[in-house]
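# Attaching a predicted model along with its sequence, questions to come.
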Amino acid sequence: MSAVPLQSLWSVTAPPGPACVALSGTRRAQAAIVGAGYTGLSAALHLAQAGRDVVVVEAGAIGARASGLNGGQVIPGVKHDPDTLERLFGAVQGGQLVATVAGGPDLVFELIEKHQLQCDAVRAGWIQPAHSEDALAHLALRVEQWRRRGAAVQLLSRAEVGRLTGSQCYCGGLLDRRGGTVQPLSYVRGLATAVLRAGGSIFTDTPAVRLSAGAAGWRIDTPHGSVTAPVTIIATNAYSGALHGPLRRSVVPVPSFQVATAPLPAQLRELILPGGQAASDTRRLLRYFRLDAGGRFVLGARGSYAQAPSRHAMRHHYRAAHEIYPQLRGLPFEYHWGGFVAMTRDSLPHLHELAPGLLAGLGYNGRGVAMATVMGRLLAQRALGADAAELGFPLTPLRPVPLHALSGLGVRATVQYLRLVDGMAGRRTRT
């Protein structure tokens, strides 16, 4: 069966990024970073602004992987609710963690404003529509927990979520006014430009092939050169390769795929997400959707491990779009693209000190725009000498996933099971 032609909407609509070259020769720096995505560039920007000489090496082009391929939804918090985080980490550390992850969108939009990043930023809020009555009941608890902490979050009735989304297939939801959207590739390219303006160095097409410790610090060997620094940050997330095996095995890369339509006709654009919010529903295999700046409808969901998914495989995305918005039938899907999301066993991001002077942050579980930006700042603070207790985020030991080599098979089986569970929940609600 023929494969769909792959082309990212973001690559077509983003302005060019900064011109960077591959590393050649030997470099020394005060800090070295592997990976020029949100995590690595946020860390580099905060380090450069603190006066540190920082070098970033990136295996491909800036934004060629997850940071330039995601849905561009800026979502506050993590998968767990605030009360759960305090239960897991205690009232003090858990409370600090809640405040840290809640501030993710604030940091993103502050950086955009401060550095004048041209990335179609819109802070109109984030909607989480409920696909079942059970899910809506859980959202009511989530809203209550955030409101107790002063967050601008409200529960939506069926009529309200219908008005805000333009879809009649949800039974309610929540609106979190802290969230928003960006053009994700434009955002990561803008961060790279800000790093260069602050005095940092970025080398693209420069994969890190070996990492070793020595008297002068950590040495990163690349095909045509090396970087040595007393502090090194690994910021490769779902694309962590053989550079640090245990780190790669601490997350499970899960494919996520997106489709985008042609620009909507004016009458549909007035009805579908008219307030400019993004949405991610409560399905276990969630569907996340939004409009881009050109009025195209963008929808993402779990994808295939195939390099180029078949048209048959894409039926799930087309069907999801038409279930949510039957009025989209007949409008062509012009863009198809995807990447990997780093999932962790506990559904939490992880900040690691792998060895003295060797740091890593990863595992955003689908909330990477805000959380990876925050993680970059945390890594920079730690690299600058901040005490672990001052970070507002726990340093956790590295725990590789058991039987990691079989994780792909497990993901495939889990997807089929969760698809069945979601279908049953939807049928119960309709009944």
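Alright, I've got the coordinates. Bear in mind that the values here come from a model prediction, so they are computed numbers and not experimental data. Residues are numbered from 1 along each chain as shown.
# only C-alpha atoms for contact and neighbour calcs from this point on.
Noted.
# can you pull the contacts of the closest residue in space to Phe393 that isn't next to it in sequence?
When the adjacent residues along the chain are set aside, Phe393 lies closest to Leu97, with 5.2 Å between them (CA to CA, 6 or more residues apart in numbering). Contacts of Leu97 were listed using CA atoms under 8 Å, 6 or more residues apart in numbering, and they are Leu85, Gly392, Phe393, Pro394.
# now, which of the residues you listed lie within helices?
Members of these lying in helices (criterion: DSSP state H): Leu85.
# helix, strand or coil for the residue nearest to Phe393?
Taking DSSP: H, G, I helix; E, B strand; the rest coil as the rule, one finds Leu97 in the helix state.
# Please determine how far it is located from Ala215.
Plainly put, Leu97 is 35 Å away from Ala215 if you go by CA to CA, to the nearest Å.
# Output the below-cut-off pLDDT ranges for the stretch 1-150 of the chain.
1 (pLDDT under 70).
# now the strands for it?
Under the criterion DSSP state E, counting those that start in this stretch, the stretch 1-150 of the chain contains strands at 25-28, 31-34, 54-57, 73-74, 126-129.
# Show me the one of those strands that comes nearest Pro223.
Nearest to Pro223 among the strands of the stretch 1-150 of the chain is strand 25-28; the distance by CA to CA comes to 9.8 Å.
# what lines up beside that closest one in the sheet?
Partners of strand 25-28 in the sheet, by DSSP bridges, are strand 225-229 (parallel).
# Any chance you could list what contacts the strand it pairs with?
Contact partners of strand 225-229, identified using CA under 8 Å, 6+ apart, comprise 23-32, 55, 216-221.
# let's go with 6 Å and repeat that
Judged by CA atoms under 6 Å, 6 or more residues apart in numbering, the contacts made with strand 225-229 from elsewhere in the structure are 23-32, 217-220.
# Looking at the residues you listed, which one is closest to Ala159?
When the contacts of strand 225-229 are compared for distance to Ala159 (CA to CA), Ala32 comes out closest, at 51.4 Å.
# What's the separation between the closest one and Leu156?
Separation of Ala32 from Leu156 (CA to CA) stands at 46 Å.
# So for the two, which sits in the more crowded spot?
Legend: neighbour count by other CA atoms under 10 Å for Ala32 and Leu156, higher for Ala32 (28 against 23).
# correct me, but that one touches Val57?
No. Shown here, Ala32 and Val57 do not form a contact pair, counting by CA atoms under 6 Å, at 7.9 Å.
# Would you point out which residue is most central in this structure?
The geometric centre of the chain, computed from its C-alpha atoms, lies nearest to Gly368 (CA atoms, centre = their mean), at 2.1 Å.
# What pLDDT does the model give that residue?
We have a pLDDT of 96 for Gly368.
# again with Val401
Confidence per residue is given as pLDDT, and for Val401 that number is 87.
# In three-state terms, how would it be classified?
The assignment at Val401 comes out as coil when based on three-state DSSP.
# what's the answer for Arg219, then?
When states are read from three-state DSSP, the local structure at Arg219 comes out as strand.
# Please give the number of neighbouring residues around Glu270.
The number of residues packed near Glu270 is 13, by other CA under 10 Å.
# ignore the last one, Gln30
Residue neighbour count, defined by other CA under 10 Å, stands at 18 for Gln30.
# swap in Leu88?
12.
# And the nearest residue to it once chain neighbours are set aside, how far from Leu107?
Excluding the flanking residues, the one nearest Leu88 by CA to CA, 6+ apart is Gly94, at 7.1 Å. Using CA to CA, one gets 20 Å for the distance from Gly94 to Leu107.
# got the buried residues for stretch 315-331?
Buried positions in stretch 315-331, judged by neighbour count with 16 or more other CA atoms under 10 Å: His317, Tyr318, Ala320, Ala321, Ile324, Tyr325, Leu328.
# now swap in stretch 215-225 and tell me
Under the neighbour-count criterion of 16+ other CA under 10 Å, stretch 215-225 has Gly217, Trp218, Arg219, Ile220, Asp221, Thr222 buried.
# cool, and stretch 10-21?
Trp10, Ser11, Ala14, Gly17.
# any idea which of these is the one closest to Arg399?
Proximity of the buried residues of stretch 10-21 to Arg399 was ranked by CA to CA; the top entry is Trp10 with 34.4 Å.
# so who does that closest one touch?
Under the criterion of CA under 6 Å, 6+ apart, the neighbours of Trp10 are Leu185.
# same thing with the one 10 residues further on?
In this structure, Cys20 makes contact with Phe203, Thr204, judged by CA under 6 Å, 6+ apart.
# Look up how far Arg248 lies from it.
From Cys20 across to Arg248, the span is 27 Å (CA to CA).
# what's around Ser240, how many residues?
As a burial measure, Ser240 scores 22 neighbours (other CA under 10 Å).
# Count the neighbours of the nearest residue to it once chain neighbours are set aside for me.
Distances taken as CA to CA, 6+ apart put Arg248 closest to Ser240, at 5.1 Å, once the chain neighbours are dropped. Counted with other CA under 10 Å, the neighbours of Arg248 add up to 22.
# Confirm for me that Arg248 is in contact with Ala238.
No. Using CA under 6 Å as the test, Arg248 is too far from Ala238 to be in contact (7.7 Å).
# tally of neighbours for the residue nearest to Leu88?
By the measure other CA under 10 Å, the count of residues near Gly94 is 21.
# How about the one 4 residues further on?
Number of residues near Val98 (other CA under 10 Å) recorded here: 25.
# Return the residues in contact with it.
Pro82.
# cutoff 8 Å now
Gly77, Pro82, Leu85, Glu86.
# Distance to Val259 and neighbour count added to those residues, as TSV?
What follows is the contacts of Val98, written out as TSV (distance: CA to CA, whole Å; neighbours: other CA atoms under 10 Å):
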residue	distance to Val259	neighbour count
Gly77	26	23
Pro82	32	23
Leu85	34	20
Glu86	37	17
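# Tabulate those (TSV), appending distance to Ala44.
Formatted as TSV, the entries for the contacts of Val98 read as follows, by distance: CA to CA, whole Å:
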residue	distance to Ala44
Gly77	23
Pro82	29
Leu85	28
Glu86	30
